[in-house]
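A.B. asks: Provide a 3D model corresponding to the input given below.
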Amino acid sequence: MEGINNNRILGLCRIVCHLNHRRALVQPPQTSMLYCFFVISICLIFNAVAVHQEGWKMTDRFIGFRYEVYGNVKDTGIREEIKEKADKLACFGWAQYSPHNTVVGEVRCNKNAGKVMKGWIKAMTSKVDLKEYDDTKIKLHFSHFKIISDGRETCFRDEPHRCDQFKEK
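C.D. replies: Just a heads-up that it's a prediction; the model follows:
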(Lines give C-alpha, C1' and ligand atoms only; values in the text may rest on other atoms or scores of the structure.)
Protein backbone atom coordinates (compact mmCIF):
# COMPACT_ATOMS: atom_id res chain seq x y z
CA MET A 1 0.00 0.00 0.00
CA GLU A 2 2.97 2.29 0.28
CA GLY A 3 3.10 4.74 -2.59
CA ILE A 4 -0.66 5.07 -2.98
CA ASN A 5 -1.62 8.70 -2.87
CA ASN A 6 -5.00 10.29 -2.20
CA ASN A 7 -5.37 11.73 -5.71
CA ARG A 8 -5.03 8.31 -7.31
CA ILE A 9 -7.70 6.81 -5.07
CA LEU A 10 -10.15 9.65 -5.57
CA GLY A 11 -9.43 9.72 -9.32
CA LEU A 12 -10.22 6.02 -9.53
CA CYS A 13 -13.49 6.64 -7.70
CA ARG A 14 -14.43 9.39 -10.15
CA ILE A 15 -13.76 7.10 -13.11
CA VAL A 16 -15.91 4.31 -11.63
CA CYS A 17 -18.77 6.76 -10.95
CA HIS A 18 -18.44 8.26 -14.44
CA LEU A 19 -18.64 4.81 -16.06
CA ASN A 20 -21.63 4.01 -13.90
CA HIS A 21 -23.28 7.29 -14.95
CA ARG A 22 -22.96 6.30 -18.63
CA ARG A 23 -24.51 2.95 -17.79
CA ALA A 24 -27.28 4.75 -15.88
CA LEU A 25 -28.96 5.73 -19.14
CA VAL A 26 -30.47 2.23 -19.20
CA GLN A 27 -30.98 1.94 -15.41
CA PRO A 28 -33.27 3.83 -13.07
CA PRO A 29 -31.42 6.94 -11.76
CA GLN A 30 -31.88 5.85 -8.12
CA THR A 31 -29.87 2.67 -8.76
CA SER A 32 -27.11 4.64 -10.41
CA MET A 33 -26.90 7.15 -7.56
CA LEU A 34 -26.94 4.40 -4.93
CA TYR A 35 -24.11 2.57 -6.69
CA CYS A 36 -22.05 5.74 -6.99
CA PHE A 37 -22.64 6.55 -3.31
CA PHE A 38 -21.49 3.04 -2.39
CA VAL A 39 -18.33 3.33 -4.52
CA ILE A 40 -17.46 6.74 -3.09
CA SER A 41 -17.98 5.47 0.48
CA ILE A 42 -15.65 2.51 -0.11
CA CYS A 43 -13.07 4.79 -1.72
CA LEU A 44 -13.16 7.22 1.19
CA ILE A 45 -12.69 4.39 3.69
CA PHE A 46 -9.82 2.98 1.64
CA ASN A 47 -8.34 6.47 1.42
CA ALA A 48 -8.46 6.87 5.22
CA VAL A 49 -6.66 3.55 5.66
CA ALA A 50 -4.04 4.43 3.05
CA VAL A 51 -3.31 7.79 4.69
CA HIS A 52 -2.74 6.19 8.10
CA GLN A 53 -0.49 3.33 7.13
CA GLU A 54 0.66 2.48 10.65
CA GLY A 55 -0.08 -1.12 11.41
CA TRP A 56 0.61 -2.31 7.89
CA LYS A 57 4.31 -2.98 8.43
CA MET A 58 5.55 -6.17 10.08
CA THR A 59 7.30 -4.14 12.77
CA ASP A 60 3.97 -2.55 13.73
CA ARG A 61 2.34 -5.94 14.28
CA PHE A 62 5.11 -8.32 15.40
CA ILE A 63 8.02 -8.50 17.77
CA GLY A 64 11.06 -10.76 17.59
CA PHE A 65 13.74 -11.15 20.22
CA ARG A 66 16.61 -13.32 21.41
CA TYR A 67 17.12 -14.29 25.03
CA GLU A 68 19.61 -16.00 27.32
CA VAL A 69 18.52 -17.17 30.76
CA TYR A 70 21.23 -17.64 33.39
CA GLY A 71 21.20 -19.42 36.73
CA ASN A 72 20.25 -22.95 37.72
CA VAL A 73 18.60 -23.89 34.44
CA LYS A 74 20.09 -27.23 33.42
CA ASP A 75 17.61 -30.12 33.64
CA THR A 76 14.93 -28.01 35.36
CA GLY A 77 12.35 -28.17 32.59
CA ILE A 78 12.76 -24.49 31.81
CA ARG A 79 12.85 -25.09 28.04
CA GLU A 80 9.57 -26.97 28.26
CA GLU A 81 8.04 -24.14 30.34
CA ILE A 82 9.15 -21.60 27.74
CA LYS A 83 7.70 -23.76 24.94
CA GLU A 84 4.42 -24.19 26.81
CA LYS A 85 4.09 -20.43 27.39
CA ALA A 86 5.00 -19.69 23.76
CA ASP A 87 2.40 -22.18 22.54
CA LYS A 88 -0.27 -20.59 24.75
CA LEU A 89 0.59 -17.15 23.35
CA ALA A 90 0.79 -18.42 19.74
CA CYS A 91 4.47 -17.51 19.47
CA PHE A 92 7.05 -19.43 17.50
CA GLY A 93 10.78 -19.79 17.89
CA TRP A 94 13.11 -22.09 19.76
CA ALA A 95 14.88 -22.84 23.05
CA GLN A 96 18.11 -24.73 23.70
CA TYR A 97 20.60 -25.46 26.48
CA SER A 98 23.90 -23.75 25.69
CA PRO A 99 27.40 -25.07 26.46
CA HIS A 100 27.62 -22.25 29.07
CA ASN A 101 24.81 -23.79 31.20
CA THR A 102 22.24 -21.23 30.11
CA VAL A 103 19.04 -21.48 28.11
CA VAL A 104 19.08 -19.53 24.87
CA GLY A 105 16.52 -19.00 22.18
CA GLU A 106 14.48 -16.73 19.99
CA VAL A 107 10.80 -15.81 20.01
CA ARG A 108 8.54 -14.12 17.48
CA CYS A 109 4.88 -13.25 18.12
CA ASN A 110 2.36 -10.48 17.74
CA LYS A 111 3.17 -7.32 19.71
CA ASN A 112 0.83 -7.99 22.64
CA ALA A 113 1.87 -11.61 23.11
CA GLY A 114 5.52 -10.60 22.67
CA LYS A 115 5.31 -8.13 25.55
CA VAL A 116 3.78 -10.82 27.76
CA MET A 117 6.41 -13.38 26.72
CA LYS A 118 9.31 -10.97 27.31
CA GLY A 119 8.01 -10.08 30.76
CA TRP A 120 7.48 -13.72 31.63
CA ILE A 121 11.01 -14.70 30.53
CA LYS A 122 12.52 -11.76 32.46
CA ALA A 123 10.73 -12.89 35.62
CA MET A 124 12.15 -16.45 35.41
CA THR A 125 15.50 -15.75 37.12
CA SER A 126 17.51 -12.85 38.39
CA LYS A 127 19.60 -12.62 35.20
CA VAL A 128 18.19 -12.64 31.68
CA ASP A 129 19.65 -10.96 28.63
CA LEU A 130 17.22 -9.90 25.91
CA LYS A 131 17.83 -8.40 22.50
CA GLU A 132 14.85 -7.15 20.51
CA TYR A 133 15.24 -7.29 16.74
CA ASP A 134 14.46 -4.14 14.76
CA ASP A 135 13.02 -6.11 11.85
CA THR A 136 11.29 -8.82 13.98
CA LYS A 137 12.99 -11.59 11.99
CA ILE A 138 14.55 -14.39 13.99
CA LYS A 139 17.57 -16.41 12.83
CA LEU A 140 16.06 -19.91 13.10
CA HIS A 141 12.51 -19.88 11.83
CA PHE A 142 10.05 -22.65 12.70
CA SER A 143 6.28 -22.80 12.20
CA HIS A 144 5.86 -23.50 15.93
CA PHE A 145 8.00 -23.31 19.06
CA LYS A 146 10.71 -25.95 19.07
CA ILE A 147 13.15 -27.30 21.66
CA ILE A 148 16.47 -27.73 19.87
CA SER A 149 18.79 -30.57 20.84
CA ASP A 150 21.91 -29.72 22.82
CA GLY A 151 24.19 -30.98 20.05
CA ARG A 152 23.17 -28.34 17.54
CA GLU A 153 25.46 -25.30 17.51
CA THR A 154 23.56 -22.04 17.59
CA CYS A 155 25.31 -18.80 18.34
CA PHE A 156 25.38 -15.18 17.26
CA ARG A 157 27.86 -12.43 16.46
CA ASP A 158 26.56 -10.27 19.31
CA GLU A 159 25.15 -10.79 22.80
CA PRO A 160 23.23 -12.56 24.08
CA HIS A 161 24.72 -15.96 23.22
CA ARG A 162 27.69 -14.73 21.22
CA CYS A 163 29.90 -17.39 19.60
CA ASP A 164 33.30 -17.80 21.20
CA GLN A 165 35.03 -16.98 17.90
CA PHE A 166 33.30 -13.54 17.90
CA LYS A 167 34.12 -12.62 21.51
CA GLU A 168 36.66 -9.87 22.03
CA LYS A 169 40.03 -11.09 23.25
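A.B. asks: ok, which stretches of the protein are strands?
C.D. replies: Remark: strands assigned in the chain by DSSP state E are 62-69, 92-97, 103-110, 128-132, 145-147.
A.B. asks: and among those, the most buried is which?
C.D. replies: Mean neighbour count (mean count of other C-beta atoms under 10 Å) peaks for strand 103-110 among the strands of the chain, with a mean of 24. C-beta here means a position set from N, CA and C on the backbone, and glycine is covered the same way.
A.B. asks: pretty sure residue 129 contacts residue 160?
C.D. replies: Yes - Residue 129 lies in contact with residue 160 (C-beta atoms under 8 Å); the separation is 3.6 Å.
A.B. asks: Overlap of the contact sets of the two?
C.D. replies: 67-68 (C-beta atoms under 8 Å, 6 or more residues apart in numbering).
A.B. asks: residue ranges with poor pLDDT in the protein?
C.D. replies: 1-37, 43-59, 135-141, 163, 165-167, 169 (pLDDT under 70).
A.B. asks: Please repeat the previous calculation with a cut-off of 80.
C.D. replies: 1-60, 74-75, 125-126, 134-142, 151-169 (pLDDT under 80).
A.B. asks: would you list every one of the helices in the chain?
C.D. replies: Here the chain has its helices, by DSSP state H, at 6-23, 29-51, 58-61, 78-88, 111-122.
A.B. asks: one step back: let's have the strands of the chain in JSON lines, adding distance to residue 38.
C.D. replies: Formatted as JSON lines, the strands of the chain follow (distance: least, C-beta to C-beta, whole Å):
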{"stretch": "strand 62-69", "distance to residue 38": "34"}
{"stretch": "strand 92-97", "distance to residue 38": "41"}
{"stretch": "strand 103-110", "distance to residue 38": "33"}
{"stretch": "strand 128-132", "distance to residue 38": "44"}
{"stretch": "strand 145-147", "distance to residue 38": "45"}
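A.B. asks: Out of those, flag the one nearest residue 86.
C.D. replies: strand 145-147 (3.9 Å; C-beta to C-beta).
A.B. asks: List of residues touching that closest one?
C.D. replies: Contact partners of strand 145-147, identified using C-beta under 8 Å, 6+ apart, comprise 79-80, 82-83, 86-87, 91-96, 107.
A.B. asks: Quick one, which of the strands of the chain gets closest to residue 119.
C.D. replies: strand 128-132 (10.2 Å).
A.B. asks: what is the orientation angle of the closest one with strand 62-69?
C.D. replies: Relative orientation of strand 128-132 and strand 62-69, computed by axes from the mean of the first three to the mean of the last three C-alpha atoms, to 10 degrees: 160 degrees.
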